[in-house]
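**Student:** pasted the sequence and its predicted model underneath.
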Amino acid sequence: MAYPTPVAVASLQSATLAGPWDALICIAEQIEHYPDPELVQWLKQQQRIDQRIGRETVTLVCPLVVGQRLIVAPTGPLNRYYDDVRCFADVAKQAILQAKTAGAVKPLLWVQAPAEPRFQQALAVSYLAAAQALWQPLEGREARGEMAVEPVQQIGLVGMDSNEARFLAATEAGRRLARDLCGTEPERMAPRRFADYCVEAFSGSAVSVEVETDVERLQADYPLLMAVARSSLAVERHKPAVIRLEYKPAGEIKQTLLFAGKGLVYDTGGADLKINGGMAGMSRDKGGAAAVAGFLKTVAELQPEGIHVIAEIGAVRNSIGSDAFVADEIITSRAGVRVRIGNTDAEGRLVLADLMAHLREQSQGLPNATLFSVATLTGHAARAVGPYTALVENGVAREGSVSASIANAGELWGDPAELSSSRREDFAFIRPRSCADDVLSCNNAPSSVTARGHQFPMAFLVVAAGLDQATESAANLAYVHVDIAGSGVDGGDWQHGKPSAAPVTSLAARYLR
Ligand SMILES: [Zn+2]
């Protein structure tokens with residue numbers, strides 16, 4: 001299910017002497033905090049020879065621990081107001097890679113954290129960070145074999161109870177699917193192959209999958225999405241797909257979660273072509289779709305009671321060709337809104353708007369419904385908030401503190417977010433300039449140099465998806481736009497960084513525990 005699998009281990013004593021483990025990773029602020037006095041004594045002797053011990057992550061040959069491999073991983077200071085649980089994540093990544101390099105395949109992880117709320121998930125977060133560091137790209141696994149590039153099979157978690165280990169396994173299974181879908185090159189994850197990967201991932205699970213590839217039906221149901229896809233239709237293997245995922249629990253349903261995922265398997269920018277080397281990394285423009293599929297995978301594993309989850313993913317390629325859509329075109333959205341195209345590189349919002357309109361229609365009569373759009377939408381989000389997920393919510397969501405509750409969960413689980421506000425200036429920015437159209441999709445400067453460049457697209461999504469229309473389905477619908485352009489890859493490097501699977505962890509922590 002998850003790989004490397006988390007295994008609950010009752011105590012260090014029961015694990016160090018026996019069991020399948022072949023290394024011990026100790027993460028703590030200081031070696032004096034280690035649980036075994038004999039081990040502390042031994043480390044102090046070693047420290048006289050190697051002063052890195054206690055200062056940086058080191059691997060020692062130690063006769064006192066399983067496999068004789070001891071990885072000593074100090075967190076550094078944890079007492080400053082801005083320290084958070086990622087202090088553990090950072091050092092867990094270094095430590096697990098040292099364990100792997102040393103030849104361990106079943107390391108044991110022991111974590112000691114200060115007894116403060118901000119560090120309460122330190123062990124779980126360390127596991128998730130280790131799994132993140134161990135993940136290798138799908139192309140590499142398919143070419144070289146899984147075991148050759150991902151040898152670590154299990155991670156023992158000292159002091160974890162088995163229910164928590166089950167939640168972690170489900171969360172990591174979702175994150176793993178999200179990374180695979182996001183991180184893979186554009187032909188391996190061409191739209192229909194992206195859909196196939198989802199079908200396979202959910203086969204035999206509690207989540208149903210339906211894939212729509214019929215061009216005429218897509219044209220009728222998703223006109224904006226199909227404008228983006230138009231020049232891809234000339235190439236059979238680049239044709240678009242809409243993937244619908246649904247989890248419906250037995251028994252009473254108390255809450256409905258609806259997700260639209262932006263799955264641009266490649267974004268050339270279209271006729272507003274990305275130039276000067278700005279195109280590299282654009283195979284990752286499907287990170288939102290990948291995260292949505294990943295969250296549904298976690299749902300499939302946990303099968304929560306009382307929560308109904310529906311997702312629509314648009315897997316599309318924004319190509320360039322003689323039939324490419326261009327700026328100035330006016331296209332009527334699924335919701336009946338006449339959209340003037342401002343720039344063809346602002347294609348993600350076009351794909352999302354029709355998916356959201358569908359989800360809004362489906363939400364009619366469903367209890368306590370919240371809609372999310374998840375996307376690598378704007379460079380502005382990355383510029384404005386750095387490596388955090390940006391959340392922009394409507395009034396209904398704000399009243400219910402939806403974004404705040406997700407951000408609070410993310411803070412504890414090392415998958416943090418920043419809250420942005422939706423303002424009247426955002427709606428003024430996208431207003432129609434004449435009676436020719438109802439809304440403008442985008443301006444023509446990079447979002448990163450446009451004031452409110454990640455907030456105003458949320459206003460566009462509200463209008464183009466018909467969320468501001470006087471319908472019953474729109475009036476009570478909480479809506480949160482989730483921009484992962486800053487948080488979607490490690491280190492913000494869209495060409496080479498590992499997909500982070502944000503915000504799968506924070507959504508799982510908020511809704512599935
Ligand atoms: Zn684009």
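**Tutor:** Cool, got the structure.
**Student:** for the chain, spot the helix or strand the model is least confident about on average.
**Tutor:** Across the helices and strands of the chain, mean confidence by mean pLDDT, DSSP states H and E is lowest for helix 12-16: a mean of 68.
**Student:** next, count neighbours for the residue of the stretch 1-150 of the chain found nearest the ion.
**Tutor:** Going by C-beta to the ion, the ion is nearest to P137 of the stretch 1-150 of the chain, at 22.7 Å. To be clear about C-beta, it is placed using only N, CA and C from the backbone, and glycine gets the same treatment. Using other C-beta atoms under 10 Å, P137 has 17 other residues around it.
**Student:** would you put the C-alpha positions of stretch 208-216 in CSV?
**Tutor:** Extracted C-alpha coordinates of stretch 208-216, given in CSV (Å, rounded to 0.1, in the frame of the first residue of the first chain):
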residue,chain,number,x,y,z
SER,A,208,-14.9,4.5,-8.5
VAL,A,209,-13.2,5.9,-11.6
GLU,A,210,-14.9,7.0,-14.8
VAL,A,211,-12.8,8.4,-17.7
GLU,A,212,-14.4,10.5,-20.4
THR,A,213,-12.4,10.7,-23.7
ASP,A,214,-15.1,11.2,-26.3
VAL,A,215,-14.2,14.4,-28.0
GLU,A,216,-17.8,15.4,-28.9
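**Student:** which residues in it does the neighbour count mark as buried?
**Tutor:** 209, 211-212 (16 or more other C-beta atoms under 10 Å).
**Student:** ok now that stretch, how far from the chain's centre?
**Tutor:** With C-alpha atoms, centre = their mean, to the nearest Å as the basis, stretch 208-216 stands 24 Å off its chain's centre.
**Student:** just the pLDDT for the residue of the stretch 1-150 of the chain closest to the ion.
**Tutor:** At P137, the model reports a pLDDT of 97.
**Student:** which non-adjacent residue is nearest it?
**Tutor:** Excluding the flanking residues, the one nearest P137 by C-beta to C-beta, 6 or more residues apart in numbering is G183, at 5.4 Å.
**Student:** sorry, back to before: what does the residue of the stretch 1-150 of the chain closest to the ion show for phi and psi?
**Tutor:** Note on P137: its backbone torsions stand at phi -60, psi 150 [degrees, to the nearest 10].
**Student:** circling back: how about the buried residues of stretch 208-216 in a markdown table, adding pLDDT, distance to the ion and secondary structure?
**Tutor:** Converted to a markdown table, those look like this (pLDDT from 0 to 100; distance: C-beta to the ion, whole Å; DSSP: H, G, I helix; E, B strand; the rest coil):
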| residue | pLDDT | distance to the ion | secondary structure |
| --- | --- | --- | --- |
| V209 | 98 | 27 | strand |
| V211 | 98 | 24 | strand |
| E212 | 98 | 23 | strand |
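**Student:** just the residues you listed now: which is nearest A250?
**Tutor:** For the buried residues of stretch 208-216, the residue nearest A250 by C-beta to C-beta is V209; the value is 19.3 Å.
**Student:** ok, the closest one - contacts?
**Tutor:** By C-beta atoms under 8 Å, 6 or more residues apart in numbering, the residues touching V209 are 198-199, 202-203, 243-245.
**Student:** how about T101?
**Tutor:** Counted by C-beta under 8 Å, 6+ apart, T101 has contacts T59.
**Student:** make sure I have this right: it is in a strand.
**Tutor:** No - under DSSP: H, G, I helix; E, B strand; the rest coil, T101 falls outside any strand and is assigned helix.
**Student:** count of neighbours near the closest residue to V149 other than its chain neighbours?
**Tutor:** Ranked by C-beta to C-beta, 6+ apart and with sequence neighbours excluded, the top spatial neighbour of V149 is Q136, at 4.3 Å. Other residues near Q136 come to 15 when the count uses other C-beta under 10 Å.
**Student:** for R431, same thing?
**Tutor:** Neighbours of R431 using other C-beta under 10 Å come to 11.
**Student:** from the ion, how far out is it?
**Tutor:** Using C-beta to the ion, to the nearest Å, R431 is found at 22 Å from the ion.
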